[in-house]
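1. Turn this into a model:
(2 chains)
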Amino acid sequence: MKQHVPPVDQIERILQGNKAHARRTLEADPEFFKGYADKQRPGVLWIGCADSRVPETTISDSKPGEIFVHRNIANVVNTDEVGANSVLDFAVGNVKVQKIVVCGHTNCGGAAAALGDANLGPNLNKWIEPLRELRKSHQGELDKLKTDYLRGLRVVELNVQRSVKNVKANATVQQAMKGRGLTVHGFVYDIPTGELRALDTAE
Amino acid sequence: MDSPTIQPIPRYLQQSHERIFENNRKWVASKREADPAFFEKLSAGQTPEYLYIGCSDSRVPANEIMGLDAGEVFVHRNIANLVPNTDLNVMSVINYAVRHLHVKHIVVCGHYNCGGVKAALTPADMGILNPWLRNIRDVYRLHEKELDGIEDKDAKYNRLIELNTIESCRNIMKTAAVQQSYQKNQYPIVHGWVFDLHDGLLKDLKFDFEETLEGIMKIYQLE
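-> Have a look, this model is predicted:
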């Protein structure tokens, strides 16, 4: 258990950080906030992990306004879940993004937990069930890998492919793929090097 | 993938895709220069102090607006920063952040000019978004008298954005994970903020966490 830290300073730090961010933004471009509130025009929808080490805008050195974002535990997309599908519908049907990226990452706690069957409570058990299913259906392949790190990484890759497939099952996404050339991509972010790599997600 | 109905990807789109990788390499180089052990430290694990629940809107990137680096904040973003009580997606995030990462603060961050809240104020059939946006209409119903009393359309819209943010904070406090952790450790503390796209500044809605929790416990106590 971590030690209790007086909470006020941590919040003050963010509010100061925010002021500094607003100031720097204006210094770099005095016109930045002009029209900013009127409309967003991001080119990409990013579906990533909630993990603190994978902040999409930071790691892709993007600017505010460029990436529409959904982040959850282990970047899971299910066809029957309202939250993620609402994001897909809004991002594709309303905001009109041109690309969708599903990004997994090495050292993923969700994938590591999916290598075993420890009871994480009803909530998390249910949420990572798809990853555990992937582990079971690829057991032979995983057994050949030497370390849990590599087995976890393979589950991450399989899970990205699964999520990409489920993204493409969304009707609004399908329509935009046919009608205006929307594309869906799978990435894996490598925490030890900080680098992104594209997965082959074509079927 | 090679279906004849799919149009070829315009060149500028291909470029925007490549740019992500190019920018990523630039970011790695700058991080390594500032701290050669930066990625090594991150590989060892994450110990964020904060969970941030915000909107998917591209103009409100969590780390940037809070001035926090990679590794400092656990992030969930959905349409209109909602915390529906039966949404397994957000509930899994809260559960993991509180029980496994032991975050000290949970921030719900709404923002003015929220397209999701605007859509909920619009009489239109939005398909699968209907049940999601209905949560916002329910917030309106909870505060019907106050909101109906606001004449100015923009002021009404802004106030609903604030009330929707506070409602998400309240829903977080209704979870067993938060109630039990707070009882035992006096954290996490839940905060409600709104980001203003006109100046890039965060506004603290400043509700009293302890008082709100006490009110919630009267009916929703789970521990």
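
2. all helices of chain B, in order?
-> Applying DSSP state H to chain B gives helices spanning B:11-34, B:38-43, B:62-66, B:88-95, B:115-120, B:129-142, B:144-148, B:153-173, B:176-185, B:209-220.

3. Return the set of residues that bridge with the most centrally placed residue in chain B.
-> The residue lying closest to the centre of chain B (Cα atoms, centre = their mean) is B:Gly54, at 1.5 Å. Beta bridges link B:Gly54 to B:Arg77, B:Cys109, judged by DSSP bridges.

4. With adjacent residues omitted, what lies nearest to the closest residue to chain A within chain B?
-> For chain B and chain A, the shortest gap (Cβ to the nearest Cβ) falls at B:Gly67, measuring 2.3 Å. For the C-beta atoms, the positions are set from N, CA and C on the backbone; glycine is no exception. Distances taken as Cβ to Cβ, 6 or more residues apart in numbering or on different chains place A:Gly17 nearest to B:Gly67, at 2.3 Å, with adjacent residues excluded.

5. What residues are bridge-paired with A:Gly186?
-> With DSSP bridges as the rule, A:Gly186 is bridged to A:Val102, A:Leu199.

6. That one: how many residues sit nearby?
-> 26 (other Cβ atoms under 10 Å in any protein chain shown).

7. Thought B:Leu201 was touching A:Phe33, still the case?
-> No. Applying Cβ atoms under 8 Å as the test, A:Phe33 and B:Leu201 come out as separate, 9.9 Å apart.

8. Tell me where chain B is predicted with low confidence.
-> In the predicted model, chain B carries pLDDT under 70 at residues B:1-17.

9. Any idea how far the worst-scoring helix or strand of chain A on mean pLDDT is from the middle of the chain?
-> Within chain A, no helix or strand scores below helix A:7-28, which has a mean of 89 by mean pLDDT, DSSP states H and E. On the basis of Cα atoms, centre = their mean, to the nearest Å, helix A:7-28 sits 25 Å off its chain's mean C-alpha point.

10. can you pull the buried residues of it?
-> A:7, A:11, A:13-15, A:17-18, A:21-22, A:25 (16 or more other Cβ atoms under 10 Å in any protein chain shown).

11. B:Lys174: which of these is nearest?
-> A:Pro7 (20.7 Å; Cβ to Cβ).

12. can I get the helices of chain B in CSV with mean neighbour count?
-> Formatted as CSV, those follow (neighbours: other Cβ atoms under 10 Å in any protein chain shown):
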stretch, mean neighbour count
helix B:11-34, 14
helix B:38-43, 16
helix B:62-66, 24
helix B:88-95, 24
helix B:115-120, 22
helix B:129-142, 17
helix B:144-148, 12
helix B:153-173, 20
helix B:176-185, 17
helix B:209-220, 13
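
13. Provide a list of residue ranges in chain A with pLDDT below threshold.
-> Those would be A:1-8, A:203, if you go by pLDDT under 70 across chain A.

14. Quick check: the residue of it nearest chain B.
-> Closest residue of chain A to chain B, Cβ to the nearest Cβ: A:Gly17 (2.3 Å).

15. what residues are up against that residue?
-> Contact analysis of A:Gly17 by Cβ atoms under 8 Å, 6 or more residues apart in numbering or on different chains lists B:66-68.

16. ok, now which ones touch the closest residue to B:Gln221 other than its chain neighbours?
-> In space, and not counting its chain neighbours, B:Gln221 is closest to B:Gln179: 6.9 Å by Cβ to Cβ, 6+ apart. Contact analysis of B:Gln179 by Cβ under 8 Å, 6+ apart lists B:173, B:213, B:217, B:221-223.

17. Surely A:Ala176 touches A:Val92?
-> Yes. Look at A:Ala176 against A:Val92 with Cβ under 8 Å: they come within range, at 5.0 Å.

18. Find residues that contact each of the two.
-> Common neighbours of A:Ala176 and A:Val92, using Cβ under 8 Å, 6+ apart, are A:Leu182.
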